[in-house]
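Enquirer: Give the three-dimensional model of this entry:
(one chain, ligands or ions: 2)
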Amino acid sequence: APNIHIDHMQQALSLARESPPKSTNYRVGALLVDGRTNIVLATGYTLECKGNTHAEQSCFIKLAEEHNVLEEQLGDILPTETVLYTTVEPCFKRLSGNLPCVQRILRLGKAIKTVYVGVKEPEKFVGENTGRKQLEDAGIEVVLVEGMEKEILEVATAGHVPES
Ligand SMILES: Nc1nc(=O)c(N)c(NC[C@H](O)[C@H](O)[C@H](O)COP(=O)(O)O)[nH]1
Ligand SMILES: [Zn+2]
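Expert: Residues are numbered from 1 along each chain as shown. Ligands and ions are numbered 1, 2, ... in the order given. The predicted model follows:
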């Protein structure tokens, strides 16, 4: 039977393929979905929105613009069972120093209850990603969607120089 989570993760992977390759980040795709209706509320990919933006962040920026609110006010707008799909798990630290997506998700915890991820973040940039525990400690469920790891990582690292 078609798995709705695989369907959404495949859609997120298609979005990731739109991201311009860069050696200092990953090409990621993300979706915000209404968990009750499975309606897609927003899509995003790395560097979609202006500046050095992440896929998850681009979803939030676009929705905030659409509803004419600040990003941190989206908790009042989003359905209370909102689900985030992201091909690579949300960042907990960014080498750029920009606000990590785990923090962006935590402040929307009133609405975002579940995060589906395609792969854990590789340790290349910031070592082990400890974001999953931060989300779970805040009552946000993090679920690994299995089976797409290889293609997600190929897309994510397309901008990287092959390891010598
Ligand atoms: N989940 C996730 N979505 C993204 O859209 C993206 N690019 C990353 N990447 C995580 C990686 O740790 C950071 O890209 C580096 O730490 C560099 O930080 P910047 O991206 O320059 O802020 N992770
Ligand atoms: Zn991020």
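Enquirer: so which helix or strand takes in Asp7?
Expert: Applying DSSP states H and E as the criterion places Asp7 in helix 4-16.
Enquirer: elements contacting that helix?
Expert: Using 3 or more Cβ pairs under 8 Å, 6 or more residues apart in numbering; DSSP states H and E as the contact test, the elements touching helix 4-16 are strand 29-34, strand 40-45, helix 55-67, strand 82-88, strand 112-119, helix 149-156. The way it works is simple: take the backbone N, C-alpha and C, and place the C-beta from them, glycine included.
Enquirer: Please identify the buried residues of the second one?
Expert: By neighbour count, with 16 or more other Cβ atoms under 10 Å as the criterion, the buried positions of strand 40-45 are 41-45.
Enquirer: Output the set of residues of the chain in proximity to ligand 1.
Expert: Within the chain, the positions lying close to ligand 1 (Cβ under 6 Å from any ligand atom) are 24-26, 28, 46, 52, 54-56, 86, 88-91, 94-96, 98, 101, 121, 125-126.
Enquirer: what residue ranges in this structure score low on pLDDT?
Expert: Within the chain, the ranges that satisfy pLDDT under 70 run 1, 164.
Enquirer: for ligand 2, what are the nearby residues on it?
Expert: Residues of the chain lying close to ligand 2 (Cβ under 5 Å from the ion) are 54, 91, 101.
Enquirer: can you count the residues close to the last one?
Expert: Cys101 has 26 neighbouring residues, counting by other Cβ atoms under 10 Å.
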